[in-house]
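Peer 1: kindly return the folded structure for what I paste below:
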Amino acid sequence: MLSGIDLNMKKWDWDYFLAERRKVVNLWPTGKEIEHPESIEEAIAYHKAQPWWKYASLRNEKAEEEGRIQIVPQVGHALVEQTVDHIRHSEDLQPARWYVLTDTYTRKSEYAKAQDAVERSRAKGFSYLNGYPLVAHGVAGSRTVNEATRAAVGTDNNDEDARLPWEFALAGGWTWGTIKSIEELIQHSRDYPVDKNIHNQQYIDRLAAHFTESGVPILRRASANLPGWDSLGFKVTVSLLEVLLSAAQGVKWIDLSLGIGMNLVQDVAAIQVLKSLSREFLDRMGYKDVKVFSWTYFFLGDWPLNRGQMAGQLAWNAAVSTLAGCNGMFIKSPDEATTTPTAEGFREGLHICGQIVRLVAGQRLPESEALLLERRMLELEVRAIMDRVLELGNGDLALGGARAILSGALDTMFSPYKFLKSKVKVVRDFNGALRYLDHGLMPLPKEVVAYHRDRISERERNEDSRAGISWIVREATWASRSLAEEIAERG
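Peer 2: Reported below is the predicted structural model:
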């Protein structure tokens, strides 16, 4: 669905941004704290008083120079003090960043419900939210969180309209945040207009760019986490579009955050293709001064209920990220499958992933025929879809991206977004790599379609089974099945 906004990828005029901002700060009473344009300059001054290590962008450069891989845990509770306590529980392990997740109400701009939950949490001494309500706690709250750690603090700009939360994040000294215009509709939205969602993200990027232009190097994270059953080529395309739309607004520092699929060769190939194509498209479109860094986000599919299996899955995700030579990884907690992640759980996750990074050290997945072939097929797929996006937008990626989602040129399965075609079907091959059983209306080259079909046929022969809906249903819980269940089936 389109709302009729005059959408294009041209960089916003600053006066246009300020006119939009007057609407944004009136979305909730705490917006009065930052309603004057001078508040932006005050926030910039606050940022400039911070040491270099509070900046995710500068930490990225330092890590790349030293060949280090950064590990980032998550945090977020209803109260400021609860969030600070969680952070301090692992401060001695020196995480590179803290990824502050906002709560479900804040993600959906239901600020009154978030405020009510804050008050109940304060009265009962228990967090009634599954994240940190940035808007409810205002500038003072975000600065208290920021000053509780040496790490670079940032946020997941979740769901359809994260403009006001992002204002408070920047005002609080937070130095990075997630880009989620296209991905967000696919992951969490039902019927929000796609052009409006991209427009909201342009607001966020334009503000980040203004800080950067003022000497404060804000980093944006081009998210393609997406669920664990989405194809890697689709994820690469989504992330690439986010990169280019943000660069158009003046963003200069970008994480390429790709959701792991859990097949080593395919994941490494996708990470490499995303970086090479991002560099190529950025240079071609005149954004040569934009710096990009490869990151991973741990598998967003099902996680085992058994804590031992859970630890194994965490370790594997960390190993994939390390063998790919990424700049960093966004990790999960062993609590993930059974409860809201705790401070203790994320401390354990830091130990598990930190040990893997330490043991793998400088080892990287070597070049091979399999890796080269996987890269070539991913690149062919992404180039073909990008060509269609440009065609649909008459050369404009913002408009083309919106139209691609609605036309089926960008498509996946199991999405809540009702305007997505959802004609795509994805299964795993014999080695656990994700393959198109049906690519729907996506403009995949014939060579790519044949390659995916061949890999599926190999599994059919090995298992004496026929690819179809039974595979899709079973693989929705592929990773979380207990070992006892697998052993019983084999027997």
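Peer 1: C-alpha from now on. contacts and neighbour counts both.
Peer 2: Fine.
Peer 1: buried ones in stretch 191-204?
Peer 2: In terms of neighbour count (16 or more other C-alpha atoms under 10 Å), stretch 191-204 has its buried residues at 192-204.
Peer 1: name the surrounding residues that touch it.
Peer 2: Applying C-alpha atoms under 8 Å, 6 or more residues apart in numbering, the contact partners of stretch 191-204 are 1-5, 7, 12, 17, 160-163, 166, 179-182, 185, 245-246, 249, 398-399, 402, 417-419.
Peer 1: now do stretch 228-236
Peer 2: Applying C-alpha under 8 Å, 6+ apart, the contact partners of stretch 228-236 are 224-226, 258-261, 266-267, 270, 273-274, 299-302, 378-379, 381-382, 410-413, 426-427, 434-436, 476.
Peer 1: so which of the residues you listed sit within helices?
Peer 2: Mapping the contacts of stretch 228-236 onto helices (DSSP state H) picks out Gln266, Asp267, Ala270, Val273, Leu274, Leu378, Glu379, Glu381, Val382.
Peer 1: what sits against the first one?
Peer 2: For Gln266, the contacting residues are Leu232, Leu371, Glu374, Arg375, Ala433, by C-alpha under 8 Å, 6+ apart.
Peer 1: can you tell me the SS state at the second one?
Peer 2: Just to be clear, that refers to Leu371. Classification of Leu371 using DSSP: H, G, I helix; E, B strand; the rest coil returns helix.
Peer 1: now do the contacts for it.
Peer 2: By C-alpha under 8 Å, 6+ apart, the residues touching Leu371 are Val265, Gln266, Val268, Ala269.
Peer 1: most surrounded residue in the residues you listed?
Peer 2: For the contacts of Leu371, the largest number of neighbours (other C-alpha atoms under 10 Å) sits with Val268, at 26 neighbours.
Peer 1: tell me which residues touch the closest residue to Thr178 other than its chain neighbours, please.
Peer 2: In space, and not counting its chain neighbours, Thr178 is closest to Arg221: 4.4 Å by C-alpha to C-alpha, 6 or more residues apart in numbering. Each residue near Arg221 by C-alpha under 8 Å, 6+ apart is listed here: Trp176, Gly177, Thr178, Ile179, Ile254, Asp255, Leu256, Ser257.
Peer 1: where do the helices sit along the stretch 351-491 of the chain?
Peer 2: For the stretch 351-491 of the chain, applying DSSP state H, counting those that start in this stretch gives helices covering 369-392, 397-407, 446-463, 469-475, 483-490.
Peer 1: please identify the most buried of those.
Peer 2: Highest mean neighbour count of the helices of the stretch 351-491 of the chain: helix 397-407, a mean of 23 (counted as mean count of other C-alpha atoms under 10 Å).
Peer 1: output the contacting helices and strands for that one.
Peer 2: Counting contacts by 3 or more C-alpha pairs under 8 Å, 6 or more residues apart in numbering; DSSP states H and E, helix 397-407 is packed against helix 194-213, helix 232-248, helix 369-392.
Peer 1: let me have the ones you listed in JSON lines, extended by distance to Glu485.
Peer 2: Shown next, in JSON lines, are the helices and strands packed on helix 397-407 (distance: least, C-alpha to C-alpha, whole Å):
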{"stretch": "helix 194-213", "distance to Glu485": "42"}
{"stretch": "helix 232-248", "distance to Glu485": "28"}
{"stretch": "helix 369-392", "distance to Glu485": "31"}
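Peer 1: about what we covered before: what's the closest of the contacts of Leu371 to Ser294?
Peer 2: Closest approach to Ser294 among these (C-alpha to C-alpha): Val268, at 10.6 Å.
Peer 1: the closest one against Val320, yeah?
Peer 2: Yes: using C-alpha atoms under 8 Å, Val268 is in contact with Val320, at 7.3 Å.
Peer 1: coming back round to it: which of the contacts of Arg221 fall in strands?
Peer 2: The members of the contacts of Arg221 that map onto strands under DSSP state E are Trp176, Gly177, Thr178, Ile179, Ile254, Asp255, Leu256, Ser257.
Peer 1: okay, and the beta partners of the fifth one?
Peer 2: Read it as Ile254. Beta bridges link Ile254 to Arg220, Val292 when assigned by DSSP bridges.
Peer 1: tell me, how many residues neighbour it?
Peer 2: Using other C-alpha under 10 Å, Ile254 has 29 other residues around it.
Peer 1: hmm, it is touching Arg220, no?
Peer 2: Yes: if you go by C-alpha under 8 Å, Ile254 and Arg220 touch, sitting 4.9 Å apart.
Peer 1: for Ser231, phi and psi?
Peer 2: Main-chain dihedrals, Ser231, degrees, to the nearest 10: phi -70, psi 150.
Peer 1: any idea how far Asp6 is from it?
Peer 2: Ser231 sits 31 Å away from Asp6 when distances are taken as C-alpha to C-alpha, to the nearest Å.
Peer 1: settle it for me: which of the two has more neighbours?
Peer 2: Between Ser231 and Asp6, Ser231 has the larger neighbour count (other C-alpha under 10 Å), namely 25 against 9.
Peer 1: for this structure, where's the lowest mean pLDDT among helices and strands?
Peer 2: The weakest-scoring helix or strand in the chain, judged by mean pLDDT, DSSP states H and E, is helix 483-490 (a mean of 80).
Peer 1: quick check, central residue of the protein?
Peer 2: Central residue of the chain (C-alpha atoms, centre = their mean): Ser223, 3.0 Å from the mean position.
Peer 1: which non-adjacent residue is nearest that residue?
Peer 2: Leaving aside its chain neighbours, Ser223 sits nearest to Ser257 (5.1 Å; criterion: C-alpha to C-alpha, 6+ apart).
Peer 1: likewise for Gly468?
Peer 2: Nearest non-adjacent residue to Gly468 (C-alpha to C-alpha, 6+ apart): Leu437, at 7.8 Å.
Peer 1: pLDDT score for the residue nearest to Ser223?
Peer 2: On the pLDDT scale, Ser257 is placed at 93.
Peer 1: what do you get for Ser223?
Peer 2: 86.
Peer 1: show me the contacts for it.
Peer 2: Thr178, Ile179, Lys180, Glu183, Ser239, Glu242, Leu256, Ser257, Leu258.
Peer 1: how about Asn394?
Peer 2: Contacts for Asn394 (C-alpha under 8 Å, 6+ apart) come out as Gly400.
Peer 1: how close does it sit to Leu245?
Peer 2: Here the criterion is C-alpha to C-alpha. By it, Asn394 lies 15 Å from Leu245.
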